[in-house]
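Student: dropping the sequence and predicted coords here.
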Amino acid sequence: MKIQKNLVESNFKDWWNKISNMEGREWMKEIDPNDPNLDYDYKLFFEKQKDEALDMLNKDSDAHFTDIGKRPWHATFSNESAYHSEDTPGGNWVEHKSGAWEFQHSDFTVKNSDKTEEYLKDTDEYATYKGGKMLKSVTLKE
């Protein structure tokens, strides 16, 4: 059943309660959305993009939150984040004609390239830095 926007009280606590109880989003019950150490700021997402937040209540559990709430230590922290600044410049997402998505690291985000690799490993997305594709890490056997 679709949840009507006008039936949802427009406060964060109600929204969090509803979205974290959706099938497939059980993992959200395990986190405190007010924890400043999370790599995503769900409250900021709700406050800055309320329509998108309310739309998430009607999407599949694998629907992606926008980049606006990504904090500087998120694996794909981008220039679309509210935390993007001169001191913490985010990377850049580029969609190619093929439909593939490329995450272009900034000098700041490349510090987290191992985390980015792990984050993107089961997707068709990939990361680059200064025009070069980031290679998957390998272990050499002796």
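Tutor: Here it is on my side, so go on.

Student: show me this structure divided up by domain.
Tutor: Per automatic domain parsing, the structural domains of the chain span 5-69, 80-142.

Student: okay, those in a markdown table with mean pLDDT next?
Tutor: Output for those, formatted as a markdown table (pLDDT from 0 to 100):
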| stretch | mean pLDDT |
| --- | --- |
| domain 5-69 | 88 |
| domain 80-142 | 88 |
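
Student: need those domains in TSV (columns: mean neighbour count).
Tutor: Glycine gets a C-beta too; all of them are placed from N, C-alpha and C. Formatted as TSV, these follow (neighbours: other Cβ atoms under 10 Å):
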stretch	mean neighbour count
domain 5-69	14
domain 80-142	14
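
Student: now do stretch 101-113: distance to the chain's middle.
Tutor: Offset of stretch 101-113 from its chain centre (Cα atoms, centre = their mean, to the nearest Å): 14 Å.

Student: can you give me the end-to-end distance of that stretch?
Tutor: 16 Å (Cα to Cα, to the nearest Å).

Student: with stretch 37-57 instead?
Tutor: 25 Å.

Student: ok now that stretch, how far from the chain's centre?
Tutor: Distance of stretch 37-57 from its chain centroid, counting by Cα atoms, centre = their mean, is 10 Å.

Student: ditto for stretch 105-123
Tutor: Using Cα atoms, centre = their mean, the offset of stretch 105-123 from its chain centre is 12 Å.

Student: and it, end to end?
Tutor: 17 Å.

Student: now stretch 18-26
Tutor: 11 Å.

Student: let me see the ranges of the strands in the protein.
Tutor: Assigned strands in the chain, in chain order: 92-95, 101-105, 126-129, 132-133 (criterion: DSSP state E).
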